[in-house]
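Colleague: what's the 3D shape of this:
(one chain, ligands or ions: 2)
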Amino acid sequence: MGERGECRRRALGVTPDLRTPHSRRADRGRGRGRARPGGGTRRLRTPEVRPAALAQPLAVKRSRAANPPTSCSHRVGKGKAVRFGSRVGKMAQQPLLQLPEFQHATTGSLAVAQPLNFWAGARVPSRDAKNSEPVYEPATGRVLCDLPACGAEEVDQAVRSAHAAYLKWRGLSGMERGRVLLEAARIIRERRDQIARIEVVNNGKSITEAEVDIDIAWQTIEYYAGIAPTLSGQHIQLPGGSFAYTRREPLGVCVGIGAWNYPFQIAAWKSAPALACGNAMVYKPSPMAPVTIVILAEIYKEAGVPDGLFNVVQGGAETGSLLCHHPMVAKVSFTGSVPTGKKVMEMSAKGVKQVTLELGGKSPLIIFKDCELENAVKGALMANFLTQGQVCCNGTRVYVQRDILPQFLEEVVKRTKAIPIGDPLLEDTRMGALISRPQLDKVLGFVKEAQKQGARVLCGGEPFVPSDPKLKGGYFMSPCVLDNCRDDMTCVKEEIFGPVMSVMPFDTEEEVLQRANNTTFGLASGVFTRDVARAHRVAENLQAGTCFINNYNTNSVVVPFGGYKMSGIGKENGQAVIEYYTQLKTVVVEMGDVQSLF
Ligand SMILES: NC(=O)c1ccc[n+]([C@@H]2O[C@H](COP(=O)([O-])OP(=O)(O)OC[C@H]3O[C@@H](n4cnc5c(N)ncnc54)[C@H](O)[C@@H]3O)[C@@H](O)[C@H]2O)c1
Ligand SMILES: C[N+](C)(C)CCCC=O
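Modeller: Numbering: from 1, shown residues only. Ligands and ions are numbered 1, 2, ... in the order given. Coordinates of the predicted model:
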């Protein structure tokens, strides 16, 4: 892989050691494009549509997966062999990725006609098409499909199928579960390019980012596959030779509810630890980005999980609330906004269900004058413009020490203006389309409001129309840098969830810490300085679940992620998550006689 590819990968947080020979080869073979005047970008060597000849080798490899010689077979209980996920002789439905329209997903061409619900091991058509909502392709504004929402009966079926699968799955050893999950990770890695393309069509983010998202998804599953065999309890010695031991047991049926900004990745972040710990999951994606999740369900099945272990129900608030209230659900892991998170917590509290809440943020990024300025500028861009600024942990309140503010602004504006916006499926595009028209209008509204309150727009903040005619109806905007901001402005206090960076000067460490912490959010934070002692002191004093030192938005599945204050409860990623998908049983063993008081 060239140095440039390596830098890009490191910038997006994928460590080289976790990559496979397959993905390295894919990188080497990828052509380089160049920016086009007028906004769009063009791929020079890599064709937009993968020719059938190129698709063939993958398809051949995949045929084994589509029709594996045997299904996974595990022993459960006393010697009884159970076959999970057998596909032999029942190929009634083709996996989504093997359908021609999915294999060649391009901007403006994909139509989704297949059912996107999945339970009991199969895609399930919706019962009631009357309550459908359109799903849009953000880059073109086209309708990709109509999405009917699951009602009470469908939710119940999905939960019951999850429960039945859980009863089988929980009886497997960690090694057995890990083996199946490793196979799922392998399949995702193999199909990464296609999944990423579909993610782009449904979400609008650039293909460069989507590929990293899918890499992170399979790495997450691989990581928890490795952790599954290590789950264990403790032995505790008691007086008189008696003892106790603890067992780390699964919770049962867990619900995952996801946001639209990282659809496939969030589903992997939730399902991988849940399944590794012996649980089943019913997952509800955002109705704005519902397409790729069913591919994950198909892959889990193909890898050999029992039918019903990972299920997908589609819908919005009503379907989500049915899941939270369902009596057979043991836990809800939610990713979304603070207001919805509060509702999810309230509903779950009624059934005393455990919750993980991964919510919104308005994170501070503090840049001291002794920083390495070029890194700080690059860090500020990474902190604000990934996925068109629609990232929960973005460092959107950028505090810059007064002495270096002019140089910082000059450089950050220059680089922001140079960000190539356009067709998200083109290799050189770095900013695609926002998720929806209302989201675009909302973000542009924040910029207008900021101007009214006295902020100065240094660049961007306008709707953007790419030169390619098929993108005319897309939800694009130019990334925006705001100067002259104050802590009391709406753009500094509220989560915008769009490509808008608010910059403010500060003078002292004490002052900036007080201002940075003056928020009800606490998801992430960042600091740029060459002073090691200061870096750690600031990290200690920032009230946030993550602090990035001398970088921002780096991403590793081995590192816990989650919010303080209103940004959430619980963690995703890393070993910490095991606590959130298991319960600890204590077994107390008496080795002597009962000493009764009665
Ligand atoms: N902390 C994190 O890890 C993280 C990651 C991504 C996004 N987010 C946050 O998500 C938000 C953007 O995502 P969004 O617009 O999809 O959020 P949202 O809160 O509108 O929706 C999130 C999910 O909740 C569902 N939902 C809505 N009402 C519900 C209800 N009453 N009961 C149950 N489910 C319900 C939605 O259908 C969707 O699937 C931002 O605030 C962002 O910061 C947080
Ligand atoms: C940018 N990260 C690090 C991938 C975080 C994604 C989760 C938040 O939206």
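
Colleague: Flag every residue of this structure that's near ligand 2.
Modeller: Residues of the chain lying close to ligand 2 (C-beta under 6 Å from any ligand atom) are 261-262, 386, 391-393, 553, 555. Bear in mind the C-beta positions are built from the backbone N, C-alpha and C, glycine included.

Colleague: nearest to ligand 1, of these?
Modeller: The closest of those to ligand 1 turns out to be residue 392 (C-beta to the nearest ligand atom; 3.2 Å).

Colleague: which SS state does the residue in the stretch 101-250 of the chain positioned nearest to ligand 2 fall under?
Modeller: Proximity to ligand 2, evaluated over the stretch 101-250 of the chain using C-beta to the nearest ligand atom, is greatest for residue 216 at 6.9 Å. Per DSSP: H, G, I helix; E, B strand; the rest coil, the secondary structure class of residue 216 is helix.

Colleague: thinking again about what came up before, can the residues of the chain next to ligand 2 go into CSV with extra columns for pLDDT?
Modeller: Formatted as CSV, the residues of the chain next to ligand 2 follow (pLDDT from 0 to 100):
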residue, pLDDT
261, 98
262, 98
386, 98
391, 98
392, 98
393, 98
553, 98
555, 79
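
Colleague: List, out of those, those positioned next to ligand 1.
Modeller: 261, 392.

Colleague: Among the residues of the chain next to ligand 2, name the buried ones.
Modeller: 261-262, 386, 391-393, 553, 555 (16 or more other C-beta atoms under 10 Å).

Colleague: In CSV: those residues, plus secondary structure.
Modeller: Formatted as CSV, these follow (three-state DSSP):
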residue, secondary structure
261, coil
262, coil
386, helix
391, coil
392, coil
393, coil
553, coil
555, coil
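
Colleague: Identify, from these, the entry nearest to residue 289.
Modeller: Relative to residue 289, the closest of those is residue 261; by C-beta to C-beta it sits at 8.0 Å.

Colleague: The closest residue to that closest one other than its chain neighbours: how many residues sit nearby?
Modeller: Nearest-residue entry for residue 261: residue 390, 4.6 Å, with adjacent residues in sequence omitted and distances by C-beta to C-beta, 6 or more residues apart in numbering. Using other C-beta atoms under 10 Å, residue 390 has 23 neighbouring residues.

Colleague: give me phi/psi at residue 390?
Modeller: Main-chain torsions, residue 390, degrees, to the nearest 10: phi -90, psi 60.

Colleague: Can you check the pLDDT for it?
Modeller: pLDDT for residue 390: 98.

Colleague: ok, it - contacts?
Modeller: When contacts are counted by C-beta atoms under 8 Å, 6 or more residues apart in numbering, residue 390 touches 261, 434-435, 439, 497-498.

Colleague: which stretches of the stretch 51-200 of the chain form helices?
Modeller: 52-66, 100-103, 152-169, 174-190, 192-203 (DSSP state H, counting those that start in this stretch).

Colleague: Same question for the stretch 251-400 of the chain.
Modeller: 263-276, 293-303, 317-325, 338-350, 373-385.

Colleague: what mean pLDDT does the last one have?
Modeller: If I follow you right, that is helix 373-385. 98.

Colleague: helices or strands up against that helix?
Modeller: strand 364-367, strand 397-401, helix 405-417, strand 500-506, strand 524-528 (3 or more C-beta pairs under 8 Å, 6 or more residues apart in numbering; DSSP states H and E).

Colleague: if you set the cut-off to 10 Å instead, what comes out?
Modeller: Counting contacts by 3 or more C-beta pairs under 10 Å, 6 or more residues apart in numbering; DSSP states H and E, helix 373-385 is packed against helix 3-11, strand 364-367, strand 397-401, helix 405-417, strand 480-483, strand 500-506, strand 524-528, strand 546-549.

Colleague: Tell me who's in contact with residue 478.
Modeller: With contact taken as C-beta atoms under 10 Å, 6 or more residues apart in numbering, residue 478 is in contact with 39, 416-417, 419, 421, 431, 459-464, 499.

Colleague: could you redo the last one with a cut-off of 7 Å?
Modeller: Counting by C-beta atoms under 7 Å, 6 or more residues apart in numbering, residue 478 makes contact with 421, 460-462, 464.
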